[in-house]
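1. Sequence plus the predicted model coming up.
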There are 2 protein chains.
Amino acid sequence: MSAPVTIAIDAMGGDAAPGIVVDGVRLAHERLPHVHFLLFGDAVQVEALLDRQPHLKAVCTVRHTDEAVANEDKPSQVLRNGRRSSMWLAVDAVHKGEAAGVVSAGNTGALMAVSKFVLRTLPGIDRPAIAGLFPTVRGETVMLDLGANVDCDANNLFQFAVMGEVFARAVLGLENPTIGILNVGAEELKGNEAVKSAATRIRESGLPIRFHGFVEGNDICEGTVDVVVTDGFTGNIALKTAEGTVRLYSALLREGFKNSLLAKVGYLFARHALTKVKVRIDPRRYNGAMFLGLNGIAVKSHGGTDAFGFANAIGVAVDLVSHGYNDRIRKEFARLNPAEPSSSQIVAGSR
Amino acid sequence: MSAPVTIAIDAMGGDAAPGIVVDGVRLAHERLPHVHFLLFGDAVQVEALLDRQPHLKAVCTVRHTDEAVANEDKPSQVLRNGRRSSMWLAVDAVHKGEAAGVVSAGNTGALMAVSKFVLRTLPGIDRPAIAGLFPTVRGETVMLDLGANVDCDANNLFQFAVMGEVFARAVLGLENPTIGILNVGAEELKGNEAVKSAATRIRESGLPIRFHGFVEGNDICEGTVDVVVTDGFTGNIALKTAEGTVRLYSALLREGFKNSLLAKVGYLFARHALTKVKVRIDPRRYNGAMFLGLNGIAVKSHGGTDAFGFANAIGVAVDLVSHGYNDRIRKEFARLNPAEPSSSQIVAGSR
């Protein structure tokens, strides 16, 4: 049996909140009966949704607030005036230790700003990163940063590599994950200064990281490495380009199957197999962008997701909590940044 | 009838040269009977391939050289020692006016370096860009830069926007194409300094450009705009991410159709429709990266392409030539950078 875990939920975040959010909590509850939920939002609306489901209500606590962050609110506005919003209160519940993690489908920029402000970064980490999972030919690859930092230097990329490596070991359960830095070519001479210096920094760190070197865009879905490291500008564009390509391919297939009687018949026979492919590549399965490097677990669900997607985002938060991700990150960075490394420590390192 | 055009061919460039190259020239000849080819490479090998095809031989001239650029050659080496290589001689044929354009499937970095050195950029253009076509839900979108420049400032992005706009009008035949700058969000406040300043520069240029503003990764395949402008680092990664995603989806489909008897039967019925989808999304169809902004037409074919792909790259070069792309670019930049713009010129502009 799993130990009880409490997850704070921003019940008012997302395009169809709080309906989709409560439905997502219900789906998550079916899969994760040991999780308790602390929901922040309009108590009248949320209670009305819960009243229909006594089993669910038993694992939920509702905290009322009549303020919510809107999609168009600027992060700076939310930092100044948003302390009573459902998003802020949910993040603050993690800070206070009332919840082990928070999930919100609200405004990404605001959630990142509030999470950074309230939770702070872990010791040794300058900037948090947004990480997400990609389907690959071999299984899954984690990529970071997906948009928290549009400008990254070599040091940021190096820290992302360490965070990603620990994630792959702690949460994906890989024994010796491989790391690659996203670049325009696999050759050492290619790329901008940041990726070249980051590669050198990883190689010279003495950390027991299995560094593959540079990877290219096609390597993400080919699963060439377990962890793809990139800046938030490139990562966000790669993520959305991949999503757009899946949608294009699906649209062309749909059109193709409608185009002739033969194709329609073929679709009937192959429907089950096609559904399996669709499920495998379904962006909702990969919903739940993780904010890594903060003093607390925060997961962002896609704003336009449905209950299935929101439940997956909750699953991601519970995964991070139950694998003790943040404790392992703390240990890794303590090892990396001892107050003043003595030569004996370096010799004792795991080169 | 189309006017005769001569295209210079680097017969030794690409993974399976010169066999694939000559096969590609044959396919191109079937579609474009008015084109003459000037092939540079090992005359014995190339003549042997042509001897089997007298119709083709009639439109080909072979120039012998026993030097070729290797895939692993550094651009700087090629600039120093590569003047007798088939690639250099083919590019030089354009410079000398013996050919209207050049196609090579060789080393991309070397081809860009040689093309820049031999052909020079057009007046008003600081750096050439690599442009390519993407399939979209609505048709096709042109994107640039796909990898010529890993670091771009606002001015480079602005020039790419103008080059892309002229391409969409001159070659794609669009009357009033829309332009977008690739960014991490559509809001004006998002992104790095380069994209924000480039957006301002386009808006304030007074050019009759239909500027849509920022677009995101998913907008590429959705065809939100006709021209997507980005730096070479991001563009290269977006291109390869899209290619990798198509390959993943295709692999999952193949696997799905093999998985059960029902699915196999379904495949037989739907095969024709599926082939059409595959053709539509086939990377070989989009083979032929255009080097825009040079004093001559240069097209890079994928090194691993087959004859079909190489023929498409030739088609792209012929398109650029026959639509007078470079003359239109020259005019656009002459209008943009008059020696000293007088106020009357500004008033007479097409605001």
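-> Received it, and whenever you're ready, just let me know what you need.
2. quick one, helices of the stretch 101-250 of chain A?
-> Taking DSSP state H, counting those that start in this stretch as the test, the helices found in the stretch 101-250 of chain A are A:108-119, A:154-170, A:193-204, A:217-222, A:232-258.
3. isn't A:Gly139 right next to A:Cys221, touching?
-> No - taking contacts as CB atoms under 8 Å, A:Gly139 lies outside contact range of A:Cys221: 11.3 Å. (C-beta placed from N, C-alpha, C; glycine too.)
4. more crowded one of the two?
-> Just comparing A:Gly139 and A:Cys221: by other CB atoms under 10 Å in any protein chain shown the higher neighbour count belongs to A:Cys221, 28 against 11.
5. Distance check, that one against chain B.
-> The span separating A:Cys221 from chain B equals 4 Å under the rule CB to the nearest CB, to the nearest Å.
6. A:Met12 too?
-> For A:Met12, the distance to chain B under the criterion CB to the nearest CB works out to 21 Å.
7. so which strand or helix has that residue?
-> Taking DSSP states H and E as the criterion, no element holds A:Met12; it sits outside all helices and strands.
8. That one contacts A:Ser86, correct?
-> Yes - checked against CB under 8 Å, the pair A:Met12 and A:Ser86 is within contact range at 4.2 Å.
9. Need the residues touching each of those two.
-> By the contact definition CB atoms under 8 Å, 6 or more residues apart in numbering or on different chains, A:Met12 and A:Ser86 are jointly contacted by A:40-41, A:68-69, A:106.
10. Drop anything exposed from those residues.
-> Applying a neighbour-count criterion of 16 or more other CB atoms under 10 Å in any protein chain shown, the buried members of the shared contacts of A:Met12 and A:Ser86 are A:40-41, A:68-69, A:106.
11. Pipe these into CSV and attach distance to A:Asn312 and pLDDT per row.
-> Compiled in CSV, these are given as follows (distance: CB to CB, whole Å; pLDDT from 0 to 100):
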residue, distance to A:Asn312, pLDDT
A:Phe40, 20, 98
A:Gly41, 20, 98
A:Ala68, 23, 97
A:Val69, 22, 96
A:Gly106, 17, 94
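12. a markdown table for the shared contacts of A:Met12 and A:Ser86, including secondary structure and distance to chain B?
-> Formatted as a markdown table, the entries for the shared contacts of A:Met12 and A:Ser86 read as follows, by DSSP: H, G, I helix; E, B strand; the rest coil; distance: CB to the nearest CB, whole Å:
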| residue | secondary structure | distance to chain B |
| --- | --- | --- |
| A:Phe40 | strand | 26 |
| A:Gly41 | strand | 25 |
| A:Ala68 | coil | 19 |
| A:Val69 | coil | 15 |
| A:Gly106 | coil | 15 |
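13. How about the contacts made by A:Gly266?
-> Taking CB under 8 Å, 6+ apart as the definition of contact, the neighbours of A:Gly266 are A:257, B:265-271, B:273.
14. Show me the shaky parts of the stretch 1-150 of chain A.
-> Residues of the stretch 1-150 of chain A that meet the criterion pLDDT under 70 lie in A:1-2.
15. Pull up the residues of it that are close to chain B.
-> A:74, A:135-137, A:147, A:150 (CB under 8 Å from any CB of the partner chain).
16. Kindly state the pLDDT recorded for A:Thr275?
-> Residue-level confidence at A:Thr275 comes out at 84, pLDDT.
17. Name the member of the residues of the stretch 1-150 of chain A next to chain B with the most neighbours.
-> Neighbour-wise, the residues of the stretch 1-150 of chain A next to chain B (other CB under 10 Å) top out at A:Gly147, 26 neighbours.
18. doesn't A:Thr108 make contact with it?
-> Yes - under the contact definition of CB under 8 Å, A:Gly147 touches A:Thr108, with a separation of 7.2 Å.
19. before we move on, back to that, which member of the residues of the stretch 1-150 of chain A next to chain B is positioned nearest A:Arg330?
-> Closest approach between the residues of the stretch 1-150 of chain A next to chain B and A:Arg330, by CB to CB: A:Gly147, at 24.4 Å.
20. Relative to A:Gly124, how far out is that closest one?
-> The gap separating A:Gly147 from A:Gly124 is 22 Å, by CB to CB, to the nearest Å.
21. Check A:Val142 too.
-> Relative to A:Gly124, and taking CB to CB, A:Val142 is found at 20 Å.
22. So for these two, which residue has more residues nearby?
-> Ranked by neighbour count (other CB under 10 Å), A:Val142 and A:Gly124 place A:Val142 first, with 25 against 16.
23. can you pull the contacts of the more buried one?
-> Under the criterion of CB under 8 Å, 6+ apart, the neighbours of A:Val142 are A:131-134, A:164, A:167-168, A:172, A:226-228.
24. Which of those sits closest to chain B?
-> If you rank the contacts of A:Val142 by distance to chain B using CB to the nearest CB, A:Phe134 comes first, at 9.1 Å.
25. Where do the strands of chain A begin and end?
-> In chain A, strands defined by DSSP state E lie at A:5-10, A:35-41, A:60-64, A:101-104, A:129-135, A:140-144, A:178-182, A:210-215, A:227-229, A:289-292, A:297-300, listed in chain order.
26. nearest to A:Phe333, of those?
-> Across the strands of chain A, the minimum distance to A:Phe333, taken as CB to CB, is reached by strand A:289-292, at 12.0 Å.
27. which other residues reach stretch A:116-129?
-> Contacts to stretch A:116-129, defined as CB under 8 Å, 6+ apart, come from residues A:79, A:88, A:91-92, A:94-95, A:112, A:115, A:144-146, A:148-149, A:152, A:155-156, A:159-160, A:163, A:232, A:291-296, A:298, A:326, A:329-330, A:333-334, A:336-337.
28. Quick check, the residue in the stretch 1-150 of chain A closest to chain B?
-> A:Val150 (4.8 Å).
29. residues touching that residue, list them.
-> A:231-233, B:184, B:190-192.
30. and if you look at A:Gln53?
-> Under the criterion of CB under 8 Å, 6+ apart, the neighbours of A:Gln53 are A:Arg26.
31. likewise A:Gly19?
-> A:Leu49.
32. Could you report the neighbour count for the residue of the stretch 51-200 of chain A found nearest chain B?
-> Among all residues of the stretch 51-200 of chain A, A:Val184 sits closest to chain B, at 4.3 Å; criterion: CB to the nearest CB. The burial count assigned to A:Val184 is 24, neighbours taken as other CB under 10 Å.
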